[in-house]
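Student: here is my input, please return the structure:
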Amino acid sequence: MKKIDSLRTVFDKPIHRRGFLLGSLALPLAACGGGGSSNTTSPPSQLAATIRFSQATSGALLNSTYAGLSYEKTHPNLFIPSNANLINLFQLLGNNILRLGGNSTDQTSWNGLIPGTTAITQSQLSNLAAFLQATGWKVIYGLNLAGSSQTPDANNARQEAQAAAATLGNSLIGFEIGNEPDLYVSQRGYRPSGWNYSNFLSEWRSLAQVIHSVAPGIPLTGPASSNEYKQFTDPFAHDAGSSISMLTQHYYIANGQDPASTIGKMLQPDPKLAAMLQAVAQSAAGAGISFRIAECNSFYDGGAPGVSNSYASALWALDYLFTCALNQCQGVNLHGGGSSVYSALIDNGTRITAVNPLFYGIMLFTLAAQGRAYQVDLSVTDPSANFTAYGVSRQDGGQNILILNKDSSRSVQTTVHFASNIQSLKQWTLTSPALNSQTGILLNGAVISLNGGWNSTPPIVSTSNGSLTLSVPPITAVLLQSA
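Tutor: Have a look, this model is predicted:
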């Protein structure tokens, strides 16, 4: 959860072009509660689009581990084997990855070894292990780097790493040492003025050696930078790439407490995100390791009320996740927990109290995530329409296409061309009363309940030699899967 407005960008979706614009640069949202700019020129009342599945430009491989969740480390009482509702909700997202970290990583210690920090206990670890076994999820587990008196605590790292490795077993896929070290001086006060990347690298290596001595089979990840990817993440890939299995970076659009953090801003493209993704992906590839956005969401500091918990956040997530995939990022963890409005699931510390719209977006993405992401060829009669589409070449040989119409008033008559031998399609539809709605969201006409209940069978539609024409209503997402 970030503190620096000036270093935050506006939003992700890079402008993909294959003859036509894959998305929009204008977004009329004045009537949608998002604070969009007014437009004195009326847009065309009718829209038409053509989508062709293309395998010319490929992205990352997608599966159920791609879009996971991230929670603060001080949330252990939620992850217990008796929390049946949370277990059921997690299982809706398949065998996935949980990241336990956040700012609280550097505010916790094993049994309270570091004065002034929250104690992590063996009982909590055992509950987490049982919860992970029940869900089929794996965990990236954060360890304190900040320490005390502006110095890392090697004894704490040794004891907690040893206990976590022994307790979590094969559910533990990596340790994350510290959280957002690029903010240790400017925002956290953990280190004195002048402390920099070189100091971080030295401290990280010292704890990495300690952790490796007691948990030699557990991979390390990092550096979990907030935003300084050029100063921290890219050089870390070069300097520590041989010591880690996963390069990690964080991303948020802007400060959720800023009045300018609106639905309109959330749904606007942000080419700066694509630049970051491409740079970090290149650094990871050069080091021969994977790359994951281990913490992200719409707006930081808990999100923007009425925005981060609106239906628009579900559409944002779909665009964001595919943008990451098309730019070679190999996984994402969406941060949340507690009553923060940006959380996919709201909880009171021990149980789930609400399923936010964001969860629906992650759920639809997970249904689509069955193979390699591909950019599609897309044309729209009005290039300013906020209309995007993405393809997936499935591992079973099938094809998926996700269509997002974020226009608040216009339907889009859409012709979709799959491979000519595809004769029928499953159709999943995500709908809501309005972009700013916080309730009434339906996935294939069904609500996802607090107990994880959701039962909907997608209708089957026929194609003509692989082609289908359908009307995509305003603010609607449609996933088409070859049957």
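
Student: would you say residue 264 is within a helix?
Tutor: Yes. Residue 264 sits within a helix when classified using DSSP: H, G, I helix; E, B strand; the rest coil.

Student: how near is it to residue 324?
Tutor: Per CB to CB, to the nearest Å, residue 264 is found 22 Å from residue 324. C-beta: built from backbone N, CA, C; applies to glycine.

Student: more neighbours, these two?
Tutor: The residue with more neighbours, out of residue 264 and residue 324, is residue 324; 28 against 23, by other CB atoms under 10 Å.

Student: can you pull the pLDDT of the more buried one?
Tutor: Residue-level confidence at residue 324 comes out at 98, pLDDT.

Student: do I have it right that it meets residue 294?
Tutor: No. Counting by CB atoms under 8 Å, residue 324 does not reach residue 294; the two are 11.8 Å apart.

Student: which residue sits closest to residue 318, ignoring its sequence neighbours?
Tutor: residue 361 (5.2 Å; CB to CB, 6 or more residues apart in numbering).

Student: for that neighbour, give me its contacts.
Tutor: 313, 314, 315, 316, 317, 318, 430, 477 (CB atoms under 8 Å, 6 or more residues apart in numbering).

Student: take the residues you listed and keep only those in strands.
Tutor: 430, 477 (DSSP state E).

Student: relative to residue 331, which of the contacts of residue 361 is nearest.
Tutor: The nearest member of those to residue 331, counting by CB to CB, is residue 317 at 14.1 Å.

Student: grab the nearest non-local neighbour of the closest one.
Tutor: Nearest to residue 317 is residue 361, by CB to CB, 6+ apart, at 3.6 Å.

Student: can you tell me the element that neighbour falls in?
Tutor: helix 357-368 (DSSP states H and E).

Student: pLDDT score for residue 31?
Tutor: pLDDT, residue 31: 32.

Student: what does the one 3 residues further on give?
Tutor: What the model reports for residue 34 is a pLDDT of 35.

Student: do the same with residue 477
Tutor: Value listed for residue 477 in the pLDDT field: 98.

Student: my guess is it contacts residue 316. True?
Tutor: No. In this structure residue 477 lies outside contact range of residue 316 using CB under 8 Å: 11.1 Å.

Student: contacts for the very next helix or strand once past the helix holding residue 361?
Tutor: For helix 357-368, the succeeding helix or strand toward the C-terminus, using DSSP H and E, is strand 371-374. Residues from elsewhere that reach strand 371-374 (CB under 8 Å, 6+ apart): 53-62, 322, 325-326, 390-396, 398, 400.

Student: try it again at 7 Å.
Tutor: With contacts defined as CB atoms under 7 Å, 6 or more residues apart in numbering, strand 371-374 is touched by 54-55, 57-62, 322, 325-326, 390-395.

Student: can you tell me which of those residues end up in helices?
Tutor: 322, 325, 326 (DSSP state H).

Student: and residue 358, how close does it get to residue 140?
Tutor: Distance from residue 358 to residue 140, by CB to CB: 20 Å.

Student: before we move on, what about residue 305?
Tutor: 29 Å.

Student: more neighbours, those two?
Tutor: Between residue 305 and residue 140, counted using other CB under 10 Å, the more crowded position is residue 140 (25 against 15).

Student: can you verify my assumption that residue 335 contacts residue 294?
Tutor: No. At 9.0 Å, residue 335 and residue 294 do not qualify as touching, with contact defined as CB atoms under 7 Å.

Student: in the stretch 101-250 of the chain, which spans are helices?
Tutor: 122-135, 154-168, 197-214, 234-240 (DSSP state H, counting those that start in this stretch).
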